[in-house]
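Engineer: Below are the sequence and a predicted model; questions follow.
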Amino acid sequence: MRDAVVRSFPVASIWSAARRLAVCLCGAVAMAGFGAGLASAGQTTHPTTSPGTLAAFGDSITRSCCHQMAGNDWPSQVGKAAGLTVYNEGIGAQTSTQVAVRMNAYAGTQAQTFASAFTIPTSGSVTVAFPPGDEPCYQAGIQGPAVLLATVVSGVTYEGKCTQAGSSYRFTPTAYPAGAVNVPAGNAWTAVLGSEMSGWVSIEAGRNNYQSPSVVLADIAAMVAVARRNTTHWSVMTILNSDLEPIGTAQYRTIRSENARLASLYGSHVVDIRSALVSHYDRSFAPDVADHGNDIPPLSLKSGWVLGRLTAPIADTSTCTFSISAPVGANGLILTVDSEDIRYENPTTCVRGEYGTTPATHASGAPVYAIDWLHPGANTHSAHNPNCAGAGGYACIAQEYEAWLVRAGSDARQGP
């Protein structure tokens, strides 16, 4: 599996901190960090690493999301700073199980198998099926690396790239057989991994199914077991909470419990990116201060991008139904139209005039900008944040991982 190019779009500089008025804090202290000490805002020491590869397994937190610039993902930033060859094995929207099976770390009740029979062709590709929830391949519209699978039929190994087309998965052989090969239902497959597994291995998983703690913990345990068989240089990242999971909510408590369990199980191998992001808020920016009070990663460290333009006017100050030239997508986005901020949940639920801005009407053609509810990255507020060189959330994660590399390189506890 290899890294893929991340699309980038310009982010217009239309926001200003001056018009974001103070918002009410929820009077809560930040969750204590679970991993070893956080990297300081002025961290500049880069580790000298050996071996020279980093295989980063994960979901969109690892892959990068939301039109961030190519090379802005945290593994690429670490690779550049530490002189590592990077294999970004993140695939957006995957559960911990789907990440695990790509490491050949199956924690379920059956082996990694094909759900139905198919025939390996002598040209082109073929539709394949997997048990629901065990799909290893990247999803349509979700960026990720090509996933190579191998399956053995009558003692012969056949490899192919697995991708998704519509609602089905396609298997494209890397070398076509001389004649068609019938693969029976239930035939086992394995992910094709290379020498990168003997270097630094990062595991980041569970964000997309944190509501099933036992599954997440079992999947991560299986991935750790695979990593341990290949290297002593492995780490586990904590799970991020979003704008929709502030302190005091049941979802927050679930994520906190899982992160605490990871810290208990894996100790100095844990990289606490959640606490690092929360701590690196801009103390002069009211939305960041509010986010810190809610113990969520701050607005200035989230991904921001140009979403599109209004294709019809917003004629009143209460509607949540907007016509935009591009789909809004995820719930929880902060949309900025003219000088108004809108927290968008769905076409019937939103908060107009978020962050103290004034609800207003807006003309057709007005530009619409977005900041993501979950994913780290950069937006027009990032440069004003004094932390992480003003480069946004992925830079903060890279900084925290680099600090962990320094600790791991000198820490006698970093054994199996």
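Structural biologist: On my side now, so go ahead.
Engineer: Okay, helices next: where are they in the stretch 201-350 of the chain?
Structural biologist: Using DSSP state H, counting those that start in this stretch, the helices of the stretch 201-350 of the chain run over 213-230, 250-266, 273-279, 286-293.
Engineer: May I see the ones you listed arranged in JSON lines, with mean pLDDT as well?
Structural biologist: Listed next are the helices of the stretch 201-350 of the chain as JSON lines, based on pLDDT from 0 to 100:
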{"stretch": "helix 213-230", "mean pLDDT": "96"}
{"stretch": "helix 250-266", "mean pLDDT": "98"}
{"stretch": "helix 273-279", "mean pLDDT": "98"}
{"stretch": "helix 286-293", "mean pLDDT": "94"}
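Engineer: Below-threshold pLDDT in this protein: ranges please.
Structural biologist: 1-51, 67-69, 109-110, 139-143, 330, 410-416 (pLDDT under 70).
Engineer: Identify the residues contacting the nearest residue to Ser242 once chain neighbours are set aside.
Structural biologist: Excluding the flanking residues, the one nearest Ser242 by CB to CB, 6 or more residues apart in numbering is Leu374, at 3.9 Å. Yep, even glycine has a C-beta here, placed from its N, CA and C like the rest. By CB atoms under 8 Å, 6 or more residues apart in numbering, the contact list for Leu374 reads 207, 240, 242-243, 302, 330, 332.
Engineer: Next up, phi/psi of Leu374, please.
Structural biologist: When quoted as degrees, to the nearest 10, the phi and psi of Leu374 stand at phi -130, psi -50.
Engineer: What separation do you get for it and Ala111?
Structural biologist: 33 Å (CB to CB, to the nearest Å).
Engineer: domains for the chain, by residue range?
Structural biologist: Domain ranges of the chain: 34-103+194-280+387-410, 118-191, per automatic domain parsing.
Engineer: And for the residue nearest to Asp316 when sequence neighbours are not counted, the neighbour number?
Structural biologist: Excluding the flanking residues, the one nearest Asp316 by CB to CB, 6+ apart is Thr361, at 6.5 Å. For Thr361, the neighbour count with other CB atoms under 10 Å is 14.
Engineer: Who are the contact partners of Thr361?
Structural biologist: 313-317.
Engineer: can you tell me how far it sits from Val337?
Structural biologist: For Thr361 relative to Val337 (CB to CB), the value is 10 Å.
Engineer: overlap in contacts of these two?
Structural biologist: Counting by CB under 8 Å, 6+ apart, the residues touching both Thr361 and Val337 are Ile314.
Engineer: if we can go back for a sec, top of the contacts of Leu374 by neighbour count?
Structural biologist: Lys302 (30 neighbours).
Engineer: Touching, that residue and Thr380? I think so.
Structural biologist: No. Lys302 is beyond contact range of Thr380, at 11.1 Å (criterion: CB atoms under 8 Å).
Engineer: circling back: nearest to Val147 among the contacts of Thr361?
Structural biologist: Closest approach between these and Val147, by CB to CB: Ile314, at 42.1 Å.
Engineer: gap between Ile296 and Tyr176?
Structural biologist: Remark: distance between Ile296 and Tyr176 (CB to CB) = 50 Å.
Engineer: who has more neighbours, the two?
Structural biologist: Neighbours per residue (other CB under 10 Å) separate Ile296 from Tyr176, with Ile296 holding more: 27 against 16.
Engineer: how many neighbours does Ala117 have?
Structural biologist: When counting by other CB under 10 Å, one arrives at 13 neighbours for Ala117.
Engineer: and the nearest residue to it once chain neighbours are set aside, how many neighbours does it have?
Structural biologist: Computed as CB to CB, 6+ apart, the closest residue to Ala117 that is not its neighbour in sequence is Ala185, at 4.6 Å. The local packing of Ala185 (other CB under 10 Å) involves 11 other residues.
Engineer: what's the answer for Glu400, then?
Structural biologist: Using other CB under 10 Å, Glu400 has 27 other residues around it.
Engineer: tell me which element it falls in.
Structural biologist: If you go by DSSP states H and E, Glu400 is part of helix 393-410.
Engineer: Which of the residues in that helix are classified as buried?
Structural biologist: Neighbour counts over helix 393-410 (16 or more other CB atoms under 10 Å) mark 393-408 as buried.
Engineer: The residue nearest to Leu301 when sequence neighbours are not counted: what's it in contact with?
Structural biologist: Spatial nearest neighbour of Leu301, chain neighbours left out: Gly393 (3.5 Å); criterion: CB to CB, 6+ apart. Shown in contact with Gly393 (CB under 8 Å, 6+ apart): 277, 297, 301-303, 375-378, 382.
Engineer: The stretch 51-200 of the chain: helices as residue ranges?
Structural biologist: Taking DSSP H, counting those that start in this stretch as the criterion, the stretch 51-200 of the chain carries its helices at 60-63, 74-82, 96-101.
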